[in-house]
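Undergrad: Would you be able to build a 3D model of this:
(one chain, ligands or ions: 1)
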Amino acid sequence: MTGVSEREGVTLEELKKKMADFAKERDWDQFHSPRNLLLALVGEVGELSEIFQWRGEVPRGLPEWKEEEKQHLGEELSDVLLYLVRLSDICGIDLGKAALRKLELNAIKYPVKPCEGSSKKHTEINNTDNIGGQ
Ligand SMILES: Nc1ccn([C@H]2C[C@H](O)[C@@H](COP(=O)(O)OP(=O)(O)OP(=O)(O)O)O2)c(=O)n1
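TA: The predicted model follows:
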C-alpha cells in the first residue's frame, strides 16, 4: 500500500486517539461496543494464529520468511493491538498504566532468584528454592 506512514516511537495514547477518530469519522462508535470489540479482537488473534499454523516452530527473527509474509504478520499483529487499545478505551481502562502495574505485579509474583531459567508457573514455585534450569 502506498502513502502509509512508518514511524518509530508510537505511543498507546496516539493509537487510542487515532482509533477513536477513525471510528467517529465513519459513525462507527455505534458498532464499537465492548462485546463487539472483544469478538473482533479474538477474530484477529485467530488470523494471527493462522500465519503460524502448520509451520512448526520457527526461529526468532523469522529469517526464512519472505518480506510479504512479515508484512502480513505485522498487519495481523496490528489488528490485535488496535482492537485491544480500542477495547481498553471503550471500557475506560488506561492500558499503558494497567500494563505497567501488571509488570510490577509480575515481578513480585516471579522474583528473579527462584525463577531464573525456569518456566514454572508461580503456583509451582517455592520462593525459598533456587530452581535453576527446570
Ligand atoms: N468495525 C470495524 C472494522 C474494522 N476496523 C479496523 C480495525 C482493524 O485494524 C481493521 C480490521 O479490518 P477487517 O475487519 O477488514 O479485517 P482485516 O484487516 O484483517 O481484513 P481481512 O479480514 O479481509 O483479512 O479495521 C474497525 O476499527 N472497526
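
Undergrad: what about the residue nearest the centre of the chain, distance to D89?
TA: Centroid-nearest residue in the chain: L81, 5.4 Å away (criterion: Cα atoms, centre = their mean). According to Cβ to Cβ, to the nearest Å, L81 stands 12 Å off from D89. All C-beta atoms are positioned from the backbone trio N, CA, C, and that covers glycine.

Undergrad: Report the separation between the residue nearest to the centre of the chain and E14.
TA: For L81, the distance to E14 - Cβ to Cβ - is 12 Å.

Undergrad: My read is that Y110 contacts T123, right?
TA: No: using Cβ atoms under 8 Å, Y110 is not in contact with T123; the gap is 11.2 Å.

Undergrad: Please identify which of the two sits among more neighbours.
TA: More crowded of Y110 and T123, by other Cβ atoms under 10 Å: Y110, with 15 against 6.

Undergrad: which regions of this structure sit below the pLDDT cut-off?
TA: Within the chain, the segments meeting pLDDT under 70 span 1-3, 127-134.

Undergrad: residue contacts, the residue nearest to the centre of the chain?
TA: By Cβ atoms under 8 Å, 6 or more residues apart in numbering, the contact set of L81 is L15.

Undergrad: what about it, which helix or strand?
TA: Secondary structure from DSSP states H and E places L81 in helix 67-90.

Undergrad: after that helix, next one along is what?
TA: Next along the chain from helix 67-90, counting by DSSP H and E, comes helix 95-109.

Undergrad: tilt between that next one and helix 67-90?
TA: Counting by axes from the mean of the first three to the mean of the last three Cα atoms, to 10 degrees, helix 95-109 lies at 100 degrees to helix 67-90.

Undergrad: Spell out which parts of this protein neighbour the ligand.
TA: The chain comes close to the ligand at residues 28, 31, 47, 79, 82, as judged by Cβ under 6 Å from any ligand atom.
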